[in-house]
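Undergrad: for reference, the sequence and a predicted model appear below.
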Amino acid sequence: MANTTLIGAITDALRIALQQDERVIILGEDVGKNGGVFRATEGLQEEFGETRVMDTPLAEAAIIGASIGLAVNGMIPIAEIQFLAFAYPAYEQLVSHVSRIRMRSQGRFSAPMVVRAPYGGGIRAPELHCDSPEVIFAHVPGLKVVVPATPYDAKGLLLAAIADPDPVLFFEPMRIYRSFREEVPEGYYTVPIGKARVVQEGTDCTVFAWGAMVPVALQGADLARKQHGISVEVIDLRSLSPLDRDAIRDSVMKTGRAVVLHEAPRHAGFGAEIVATINDLALDALMAPVMRVTGYDTPYPLFALEDAYMPDAARVAEGIVQAMNYEIGARL
Amino acid sequence: MANTTLIGAITDALRIALQQDERVIILGEDVGKNGGVFRATEGLQEEFGETRVMDTPLAEAAIIGASIGLAVNGMIPIAEIQFLAFAYPAYEQLVSHVSRIRMRSQGRFSAPMVVRAPYGGGIRAPELHCDSPEVIFAHVPGLKVVVPATPYDAKGLLLAAIADPDPVLFFEPMRIYRSFREEVPEGYYTVPIGKARVVQEGTDCTVFAWGAMVPVALQGADLARKQHGISVEVIDLRSLSPLDRDAIRDSVMKTGRAVVLHEAPRHAGFGAEIVATINDLALDALMAPVMRVTGYDTPYPLFALEDAYMPDAARVAEGIVQAMNYEIGARL
Amino acid sequence: MSVDSIRVSQKEPQVSTDMLQRMYELMWMMRQLDRRAVALQRQGRLGTYAPLEGQEAAQIGSALALRVQDFVFPSYREHAVAYVHGMPLKRILLYWNGRYDGAMPPEGVNLFPVSVPIATQIPHAAGAALAAKLRGLDQIAVTYFGDGATSEGDFHEAMNFAAVMELPLVFFCQNNGYAISLPSRKQTKVQRIAEKATAYGMEGVTVDGNDVIAVYLAMREAVAKAASGGGPTLIEAVTYRMGSHTTADDASRYRDASEVEMWKARDPILRAENALRERGAFSEEWVTQVRKHAEEIVTEAILDMQSEPPVTLDQLFDHVYRDMPKELAIQKQEALSRQAKGESVRG
Amino acid sequence: MSVDSIRVSQKEPQVSTDMLQRMYELMWMMRQLDRRAVALQRQGRLGTYAPLEGQEAAQIGSALALRVQDFVFPSYREHAVAYVHGMPLKRILLYWNGRYDGAMPPEGVNLFPVSVPIATQIPHAAGAALAAKLRGLDQIAVTYFGDGATSEGDFHEAMNFAAVMELPLVFFCQNNGYAISLPSRKQTKVQRIAEKATAYGMEGVTVDGNDVIAVYLAMREAVAKAASGGGPTLIEAVTYRMGSHTTADDASRYRDASEVEMWKARDPILRAENALRERGAFSEEWVTQVRKHAEEIVTEAILDMQSEPPVTLDQLFDHVYRDMPKELAIQKQEALSRQAKGESVRG
Ligand SMILES: Cc1ncc(C[n+]2csc(CCOP(=O)(O)OP(=O)(O)O)c2C)c(N)n1
Ligand SMILES: Cc1ncc(C[n+]2csc(CCOP(=O)(O)OP(=O)(O)O)c2C)c(N)n1
Ligand SMILES: [Mg+2]
Ligand SMILES: [Mg+2]
């Protein structure tokens, strides 16, 4: 066991993957000597050489496009996009090719690859470094979208992503890269992709979150308990595609109330899919509308405004209380 | 009044806009001599000259990126993207710039522009011509997303989009470009952006649709009425951002049941936002889960499979019947 | 750099008569296929189709210079390249009938499926070439694209990657003068697409794309260079698309008949015929035989294509992921039961 | 094309001593601002900041050659360009403190907000130049970007647009040797970024970016050419970033101290000082005065920045659209009532 941060666990997973499988290579901007702008690949080029850990020119579409070629020709590329908001120029390659090559070729070709990208707000980063566009990737069939919220999960999910026969987008919540440490097993292990995690059990209301919003969910749950005696279940979805619909159903069937929490704008955000999943599978149990505690329907602002924009514990607690106080039929 | 198709109405609107305002220009691939691959700009270059209707090189990011520069420097560009699936390379420009320039500059600059793009399936088109990625645009604050379903609306909404002070994405359902005609007023008129349209009133269940799915919704409603005597309300949303949440609430408060219909894959599709809106505003009235009748969670297939993929009237009727037959509490 | 010189093959008699005859046969066969495909589309028996007539020399000359292990990343018009590299004609036709079999080369044929979004296949080739280099394979990658594709960002990014990483890669541009309706002079200000290589520190070569021997030799050289660690080359084959962009297009809207006539005189098949005649290797008997053979093969492919069994829903659901997610399995079940209820799947 | 020649300003005494003094003053002032900004960031009084030290000549020399009506599309490091073109220092600092005032030039200043995603501003400049051309304005567009930006598709697409449409546009590349940690030789295989112009049929010019006069003259020429219908130019100013990429970066991880030392000797301010000395226009009095003045202005800007009132929620909600959609108005109300309940907005 090692006591490590989320980003430390990522470096650990990358090292293990590079050691285990010659086909694995890392490519991206500044991943080599510089070890990545967050140091996720720190020391790896030195250890494995320039042909395993490659700095590329500044061109995201080519990084992803080349990764497809690498993957279909026998390699397992782990591409780093420096910040998720800089993946937009690669969206075409992800949607039109990465996600489709297996289906288009009916299994003749496939693109087992991982795209890692730090994302999300809350660290006073410069403009356009903080977007949370998970939903635009989760919507795309053929891709898997994974977001770890703990060091343990970060390592296990990343190793699972690298072993996955299909392309996995691995979004790293940079706000919690180093915000806490936890014991993580040495050596190889995986956490299955597509299974949610019950972070905390509760009976009155469920909060669904992922990534950097998981700690916020816990704080909000704590507030609600302390101030109002509400017993809150917190679920970390871990994977937005595939989505663990059973876990969502089971929890809401039990609690009857739910809050969805994310940083992205509300309108057509991933929260809507969770609401729709509850609608599909647990409507009868629902005693109040699912509350969406999210970013506002504005661009992620410059950082002087980010505290106002980002959902925090108070807003989570507010959502929980609203769900609890809701009177069925009151609006009819 | 002129009896015209949806695409005819678009050409009509473009001509009027070019006549009325010198700042309006059309740019895109093959929009000039060729009149666009669907002939939406037929005859316009001849009439207005090469400086008003401009063929560009084959580069979507530059078409949209240049449109921003045109707009902030005094023009009103109407950019055509040949098929919406080819807008992916321009996604970066749309999200990072088009949508944000007003906010980033706190109103000092703005980008009044229109992006027109045919989209959707059902016409045996080649691969990757048929995607329906509305949701990835509707999610972006600062953009408006409009989809006409009739010639009357196509003209009125497009003229409203051109007059709008903010960027409007105008998605044209190519399957119904020429599938029917309707009387459309000559001359200038607008249809307000952000207002849904009740296509057909009903009391038992509401079907929400847009674009080429509106006629399918009507057919499905018809089947449900004929086979089961169900009275179906059909609502054409017309605009996905802003969304007419009041219209959604009002209808579901009345009918108590709903079906959402779209071509895109279900997972995290725009249908989820409609379900979430009903959850937000009309949960108490809901007597059954909202049924999502959508494309499957697969890439839009090659056309030999498109009939199997595309929602049709039978599936709509099936969704309506499921909503009607649902017994509240049965799953508890 | 030989950017400004259009190579003339006659000076270099490095191609055997057998090879030239094979080139002729292939060109003839692909032209038959092409014309039949256009006709099939008109009859509603094929979907929208992108004809290659006029570009046979560029495609066949270049594809013949490849080794079987080389990895080809085509655009959507390279039916002749696909065939020469090992893709059955039937499958090529199936693709244009909206069937996945057409995007799936037989095992051992290193041919990526058609790329419809312009220029997007070019970075794939860079990746495949990088894999070949990293793995130490005796393999190069080749990507095909049009003049229009050179305006896209993906072309640029991949050219730069390949040059700076010195990848075993050939960029093969068929400059057929148009991107749908846009003539090359409105696409780019340079006279020759090959000049674009300069921006990347790459070698650029312009070749007469209607001269099958010239194309073959230029490609052979670029392949050898790439295979021996000499890095990438951009080859521009100057040619002309005789037909419309696709069967959904009407080229007469934007091209003068006189221009088309001029290019008819430069017909690649006629040019090969003349070369064979010069070598005394062209006879009426032989050509009758060639035509008959082509006719047979093409007809057989069309019949095969038409007798293909209907598609099944498996193709829609089974290869989205290797292991089908639960929700998708549920959707497949729903689709199957809908189908059982009477909805049919078009084949 | 003067691609391979680094222009040497000494041969062309076309700049008055007054102008040279002004250049010196501006360079000095911006260096003060830059150093103070780095210090402020260290003290936690400014967000992540991108220093320009070393690039003063490239920025100020080029910006001084612009006319007030010309439209500038910068990247994120062009603080000196912004200032010369009319952006108050206070606002430049406010941007790096996460404040929208910093992305909003005063009325009449044609300066687009900072573009953080690399190369994305380049197509904007093409559009603005096209607008100027269509409207018949006596205006050109100028876009600034780095060596790294030339690898992005957006650079390519915009270069091609500008060349083929013959737009009044100057592409100004500050080649400072690095894109964060990536040295130029791994970014591109060409020796000179200006060579890339060839691919577009555009003129490319390389200039010594640490020679303020050389930069000014090259830019003046390109501006005049663009303004008179001569089309676009790519200018490469060869320079060096003395500091780290941003305050979040540590350049010593990837750059040798010896390299930095070498460039110290080419310091643009020192070079201007020498040029002034040669003309006998540099005195200790004068320079003391210059320094004092710079100090005052910069200090005032910092104080102004610090005494700016807190941001309000209006800035978050009021300019997403011109007319606020109903749902957003509801969200604004919610946010206001949350704020009233005690949550504060960071300023
Ligand atoms: C990204 C993208 N934009 C637009 C299109 C529509 N389109 C299909 S072919 C074509 C022209 C391509 O021209 P060129 O690259 O010269 O190839 P050619 O058709 O001449 O072989 C266009 C614009 C597309 N398929 N992909
Ligand atoms: C599209 C995109 N990808 C990556 C980044 C992260 N990033 C910021 S600056 C930079 C390097 C830019 O180098 P260059 O263009 O040479 O400009 P310089 O910083 O040297 O002025 C990178 C990779 C970004 N901002 N945008
Ligand atoms: Mg072409
Ligand atoms: Mg640089």
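TA: That came in fine, so what should we check first? Residues are numbered from 1 along each chain as shown, chains lettered A, B, ... in the order given. Ligands and ions are numbered 1, 2, ... in the order given.

Undergrad: which elements pack onto the helix or strand encompassing C:Gln59?
TA: C:Gln59 belongs to helix C:56-64 when assigned by DSSP states H and E. Here helix C:56-64 touches helix C:17-42, helix C:79-84, strand C:141-146, strand C:169-175, helix C:212-227, strand C:233-238, helix C:268-278, going by 3 or more CB pairs under 8 Å, 6 or more residues apart in numbering or on different chains; DSSP states H and E. For the C-beta atoms, the positions are set from N, CA and C on the backbone; glycine is no exception.

Undergrad: could you export these as a markdown table, including mean neighbour count, distance to D:Glu278 and mean pLDDT?
TA: Putting those into a markdown table (neighbours: other CB atoms under 10 Å in any protein chain shown; distance: least, CB to CB, whole Å; pLDDT from 0 to 100) gives the following:
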| stretch | mean neighbour count | distance to D:Glu278 | mean pLDDT |
| --- | --- | --- | --- |
| helix C:17-42 | 20 | 69 | 98 |
| helix C:79-84 | 25 | 64 | 98 |
| strand C:141-146 | 29 | 54 | 98 |
| strand C:169-175 | 30 | 50 | 99 |
| helix C:212-227 | 23 | 51 | 98 |
| strand C:233-238 | 26 | 47 | 98 |
| helix C:268-278 | 18 | 66 | 97 |
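
Undergrad: could you dump these to a markdown table with distance to B:Gln200?
TA: As requested, those are exported to a markdown table (distance: least, CB to CB, whole Å):
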| stretch | distance to B:Gln200 |
| --- | --- |
| helix C:17-42 | 38 |
| helix C:79-84 | 48 |
| strand C:141-146 | 47 |
| strand C:169-175 | 52 |
| helix C:212-227 | 61 |
| strand C:233-238 | 57 |
| helix C:268-278 | 59 |
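
Undergrad: OK, contacts around C:Ala163?
TA: C:200-202, C:231-232, D:188-189 (CB atoms under 8 Å, 6 or more residues apart in numbering or on different chains).

Undergrad: now, among these, which is nearest to ligand 2?
TA: D:Thr188 (10.7 Å; CB to the nearest ligand atom).

Undergrad: ok, the closest one - how many residues close by?
TA: Neighbours of D:Thr188 under the rule other CB atoms under 10 Å in any protein chain shown: 23.

Undergrad: and if you look at C:Lys264?
TA: C:Lys264 - counted by other CB under 10 Å - has 12 other residues nearby.

Undergrad: domain map for the chain?
TA: If you meant another chain, say so; for now it's chain A. Domain assignment for chain A by automatic domain parsing gives A:2-184, A:197-325.

Undergrad: think we crossed wires, I meant chain C
TA: The record's domain parsing of chain C by automatic domain parsing lists C:3-306, C:312-347.

Undergrad: quick check, pLDDT for the closest residue to chain D within the stretch 201-347 of chain C.
TA: Per CB to the nearest CB, C:Gly201 is where the stretch 201-347 of chain C lies closest to chain D, at 3.3 Å. C:Gly201 carries a pLDDT value of 98.

Undergrad: so how far is ligand 3 from the closest residue to it other than its chain neighbours?
TA: Distance criterion CB to CB, 6 or more residues apart in numbering or on different chains; nearest residue to C:Gly201, sequence neighbours excluded, is D:Lys189 at 3.3 Å. Separation of D:Lys189 from ligand 3 (CB to the ion, to the nearest Å): 27 Å.

Undergrad: check the gap between D:Lys189 and C:Met159 for me.
TA: In this structure, D:Lys189 and C:Met159 are 10 Å apart, going by CB to CB, to the nearest Å.

Undergrad: next: A:Val259.
TA: A:Val259 is 50 Å from C:Met159, where distance means CB to CB.

Undergrad: the two: who's more crowded?
TA: Comparing A:Val259 with C:Met159 by other CB under 10 Å, the one with more neighbours is A:Val259, at 32 against 28.

Undergrad: hang on, that one packs against A:Asp204?
TA: No. A:Val259 is beyond contact range of A:Asp204, at 11.0 Å (criterion: CB atoms under 8 Å).

Undergrad: so, low pLDDT: which residues of the chain?
TA: Picked chain A for this. Scanning chain A for pLDDT under 70 picks out A:331-332.

Undergrad: my bad, chain C
TA: Applying pLDDT under 70 to chain C picks out residues C:1-13, C:343-347.

Undergrad: center of it - which residue?
TA: Closest to where the C-alpha atoms of chain C average out (CA atoms, centre = their mean) is C:Glu78, at 1.7 Å.

Undergrad: who's in contact with it?
TA: Neighbours of C:Glu78 in contact, by CB under 8 Å, 6+ apart: C:52, C:59, C:72, C:114, C:144.

Undergrad: now A:Val252: closest residue in space, sequence neighbours ignored.
TA: Closest residue in space to A:Val252, ignoring its immediate chain neighbours: A:Ala282 at 4.1 Å, by CB to CB, 6+ apart.

Undergrad: nearest residue to C:Trp263 in space, please, no chain neighbours.
TA: Distances taken as CB to CB, 6+ apart put C:Tyr240 closest to C:Trp263, at 4.0 Å, once the chain neighbours are dropped.

Undergrad: from C:Gln187, how far off is that neighbour?
TA: Separation of C:Tyr240 from C:Gln187 (CB to CB): 15 Å.

Undergrad: tell me the buried residues in stretch A:315-330?
TA: Of the residues in stretch A:315-330, A:315-324, A:326 count as buried by neighbour count, 16 or more other CB atoms under 10 Å in any protein chain shown.

Undergrad: that one and chain D in contact?
TA: Yes. Residues of stretch A:315-330 contacting chain D under CB under 8 Å from any CB of the partner chain: A:315, A:318.

Undergrad: with stretch A:307-314 instead?
TA: Yes. Applying CB under 8 Å from any CB, one finds stretch A:307-314 touching chain D at A:307-309, A:312, A:314.

Undergrad: swap in stretch A:164-174?
TA: No. Against chain D, stretch A:164-174 shows no contacts by CB under 8 Å from any CB, the least distance being 11.7 Å.

Undergrad: could you tell me the end-to-end distance of that stretch?
TA: 23 Å (CA to CA, to the nearest Å).

Undergrad: buried stuff in that stretch?
TA: So for stretch A:164-174, counting by 16+ other CB under 10 Å, buried means A:164, A:166-174.

Undergrad: I'd like to know which of these are part of strands.
TA: Of the positions in the buried residues of stretch A:164-174, A:168-173 sit in strands, assigned by DSSP state E.

Undergrad: so which of these is the closest to B:Met54?
TA: A:Leu169 (37.2 Å; CB to CB).

Undergrad: the closest one reaches A:Phe137, doesn't it?
TA: Yes. Contact criterion CB under 8 Å: A:Leu169 and A:Phe137 qualify, at 5.3 Å.

Undergrad: between those two, which contacts overlap?
TA: Counting by CB under 8 Å, 6+ apart, the common neighbours of A:Leu169 and A:Phe137 are A:94, A:143, A:145.

Undergrad: quick one: the residue nearest to C:Trp263 from ligand 3, how far?
TA: 9 Å.

Undergrad: hmm, C:Ser184 and that residue touching each other?
TA: No. At 10.8 Å, C:Tyr240 does not count as touching C:Ser184 under the criterion of CB under 8 Å.

Undergrad: need the overlap of contacts for these two.
TA: Contact with both C:Tyr240 and C:Ser184 is made by residues C:Gly177, according to CB under 8 Å, 6+ apart.

Undergrad: just to revisit the earlier point, which one of the domains of chain A lies nearest to C:Asp323?
TA: Going by CB to CB, the one of these nearest C:Asp323 is domain A:2-184, 7.3 Å.

Undergrad: which strand in chain A has the most residues?
TA: strand A:258-265.

Undergrad: what residues of that one count as buried?
TA: Buried residues in strand A:258-265 (16+ other CB under 10 Å): A:258-265.
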